[in-house]
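# Got a sequence here, can you build the structure:
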Amino acid sequence: MPRNNGRLAREYRRKGAKQRDEDRAQRTPQQQLALLDERLGKGIGAKKERARLQRLIDAPAKKPKKKRERKTANK
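Below you'll find the model as predicted:
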């Protein structure tokens, strides 16, 4: 009988990663920054992630502009 431990372990990790992704998507940048502070310490580690989150906090996302339709020349 073949062993499937590797496949089962990958599936378990994949499900865990999906759950973490869903949890992260539900947090605001402020909440994510607070979570980093709680896990790592205030301002310690994850410099690039902290900078990215701070940019999102400082300049909230703007609504995307609608693309204008180009006028085509009739020949």
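# pLDDT on stretch 41-52, on average?
In this model, stretch 41-52 has an average pLDDT of 91.
# could you dump it to CSV, C-alpha only?
What follows is stretch 41-52, C-alpha atoms only, in CSV (Å, rounded to 0.1, in the frame of the first residue of the first chain):
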residue,chain,number,x,y,z
GLY,A,41,7.2,44.0,19.1
LYS,A,42,6.6,47.6,18.4
GLY,A,43,8.5,48.6,15.3
ILE,A,44,10.6,45.4,15.3
GLY,A,45,11.0,43.4,12.1
ALA,A,46,8.9,43.3,8.9
LYS,A,47,10.3,46.7,7.8
LYS,A,48,9.0,46.5,4.2
GLU,A,49,5.5,45.2,5.3
ARG,A,50,5.3,48.0,7.9
ALA,A,51,6.2,50.6,5.3
ARG,A,52,3.6,49.2,2.8
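# and it, which residues are buried?
For stretch 41-52, the neighbour count (16 or more other Cβ atoms under 10 Å) marks 46, 50 as buried. Bear in mind the C-beta positions are built from the backbone N, C-alpha and C, glycine included.
# Not counting it itself, show me its contacts.
With Cβ atoms under 8 Å, 6 or more residues apart in numbering as the test, stretch 41-52 has contacts from 33, 36-37, 40.
# distance between it and the chain's centre?
Relative to its chain's centre, stretch 41-52 lies at 15 Å (Cα atoms, centre = their mean, to the nearest Å).
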